[in-house]
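Novice: Sharing a model prediction with you, sequence too.
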Amino acid sequence: MALIKKASLLSFIFLISCLLSSMTFAQPGIDSAFQSTLLTDHHLIGKIWSSRSQSFIDLEEFLSYSGNASYLLLGEKHDNPDHHTLQLYILNYFLEREKISNVSLEMMKSEDQARLNFLQRSSSQNSINTNLASLNVELDWEDEGWSWEFYGPLIQAALQGGVPLSAGNLTTETMQQVYGNPNILDGALQFENHIVDKLNQDIDESHCGLLPESQFPSMVRVQRARDISLASSLHFPSAEKLSVLIAGNYHIRQDLGVPNYLMGQNPQLERQQIVAISFMEVSEGSNDPSEYLQQFSDVAAFDFIWFTPAVSNEDYCASLLQ
């Protein structure tokens, strides 16, 4: 199918701007607004921080830099609508310029690939309706955990742009096998001890300190297996094109996540050819953008951080510990 025309993109952005609140993005070129309502007066909101230059950059500079990469990893906090609006903007920007070779999604398991392939063929032959409602039915989408409102437009944009889609995540059955088999990743890239220690620490914190230490290795193994699967789902891009991943912020980390496995799969690939941008909620009292990198080694977690308001102030751990 023909790629999304510029007029269509501008119409979409205008529609979003009419529907959302009056607070606009700080970056020029995005005539839209934030939906999240917490910490909207934080001075970092709407700004893009470059860990490479240790400075704020504008949207044009970010897009120029990203367009010269081989892999573009778009992070997110899964329940923040602003992160998906920004992802869609970037996706449409590069689709319009025919710069994307494929798009992979954490939200879909390998068992869903056949459905995606069918949609791709049908879309290219104009034999299927690519409106959001029809795509939802064709994919038998389960909204629990992955809101179709957020991910449907991303899938629709890729299909209408004629770009292959990949289901990046493991099946539940495979994850169970990984969890129970200590030797299943023996042939995979091995991390140094300080990185393993960091993974253990993050697993512990993400489970509010309630996970028995004996389960740390199994949980880290599942995390690593998912990153390997996501990396494997990304096609090696053709010249001057981008292979795009849409996944949670933790998966796209340069220091811990998918980029390491991409380089393991292709020894010729250099880290600067992988651009990882985290769409990240601001935190009250945290005004230094470098704090959000959670730096623990000489490799920065993200190349860029694009700051947004927060969608919730719920203390998840506090509710569990009551």
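Specialist: Noted; the coordinates are in hand.
Novice: count of neighbours near the residue nearest to Ser110 when sequence neighbours are not counted?
Specialist: Distances taken as CB to CB, 6 or more residues apart in numbering put Ala167 closest to Ser110, at 5.4 Å, once the chain neighbours are dropped. For every residue, glycine as well, the C-beta is placed using N, CA and C. Using other CB atoms under 10 Å, Ala167 has 23 other residues around it.
Novice: go on, Glu270?
Specialist: 10.
Novice: gap between the closest residue to it other than its chain neighbours and Arg52?
Specialist: Distances taken as CB to CB, 6+ apart place Met263 nearest to Glu270, at 7.7 Å, with adjacent residues excluded. Separation of Met263 from Arg52 (CB to CB, to the nearest Å) stands at 17 Å.
Novice: The two: who's more crowded?
Specialist: Between Met263 and Arg52, Met263 has the larger neighbour count (other CB under 10 Å), namely 18 against 12.
Novice: Work out for me the element the residue nearest to Glu270 sits within.
Specialist: Assigned by DSSP states H and E, Met263 belongs to helix 258-265.
Novice: The following helix or strand past that helix: how far from the chain's middle?
Specialist: Counting by DSSP H and E, the next helix or strand C-terminal to helix 258-265 is strand 274-281. From the chain centre to the centre of strand 274-281 is a distance of 8 Å (CA atoms, centre = their mean, to the nearest Å).
Novice: Now do the helix or strand that comes right after strand 274-281 and strand 274-281, the angle between them.
Specialist: Heading C-terminal from strand 274-281, the first helix or strand you meet, by DSSP H and E, is strand 304-308. Angle of strand 304-308 versus strand 274-281, following axes from the mean of the first three to the mean of the last three CA atoms, to 10 degrees, is 20 degrees.
Novice: since we're on the residue lying closest to Trp49 once chain neighbours are set aside, how many residues are nearby?
Specialist: Leaving aside its chain neighbours, Trp49 sits nearest to Pro289 (3.9 Å; criterion: CB to CB, 6+ apart). Other residues within reach of Pro289, judged by other CB under 10 Å, total 20.
Novice: Model confidence score at Pro289, please.
Specialist: pLDDT recorded at Pro289 is 96.
Novice: and the gap between it and Leu199?
Specialist: Counting by CB to CB - Pro289 and Leu199 are separated by 24 Å.
Novice: again with Phe94
Specialist: Using CB to CB, we find Phe94 at a distance of 31 Å from Leu199.
Novice: So Thr37 is in contact with Ser312, correct?
Specialist: No. If you go by CB atoms under 8 Å, Thr37 and Ser312 don't touch, sitting 9.7 Å apart.
Novice: Centre of the chain to the helix or strand containing Leu135, how far?
Specialist: Applying DSSP H and E as the criterion places Leu135 in helix 132-139. Distance of helix 132-139 from the chain centroid (CA atoms, centre = their mean) equals 22 Å.
Novice: can you list contacts of it?
Specialist: Outside helix 132-139, the residues within contact range by CB atoms under 8 Å, 6 or more residues apart in numbering are 108, 112, 115-116, 118-119, 128, 141, 148, 152-153, 155-156, 159.
Novice: Recalculate using a threshold of 7 Å.
Specialist: By CB atoms under 7 Å, 6 or more residues apart in numbering, the residues outside helix 132-139 that reach it are 115, 119, 148, 152-153, 155-156.
Novice: do stretch 267-284 as well
Specialist: Counting by CB under 7 Å, 6+ apart, 39, 42, 44-45, 65-66, 69-77, 80, 83, 86, 249, 252-254, 259, 262-263, 292, 302-311 sit against stretch 267-284.
Novice: First-to-last residue distance for it?
Specialist: 41 Å (CA to CA, to the nearest Å).
Novice: what does the average pLDDT come to for stretch 169-179?
Specialist: pLDDT averaged over stretch 169-179 gives 97.
Novice: quick one: it to chain centroid distance?
Specialist: So, by CA atoms, centre = their mean, the centroid of stretch 169-179 is 20 Å from its chain's centroid.
Novice: so the lengthiest strand in the chain versus helix 132-139, what angle?
Specialist: Counting residues, the longest strand found in the chain (DSSP state E) is strand 100-109. Angle of strand 100-109 versus helix 132-139, following the same axes, to 10 degrees, is 60 degrees.
Novice: Parallel or antiparallel, which strands does strand 100-109 pair with?
Specialist: According to DSSP bridges, strand 100-109 forms sheet pairs with strand 165-169 (parallel), strand 242-246 (parallel).
Novice: Same list (those strands) but as TSV, adding distance to Ser229.
Specialist: TSV is the format used below for these (distance: least, CB to CB, whole Å):
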stretch	distance to Ser229
strand 165-169	6
strand 242-246	11
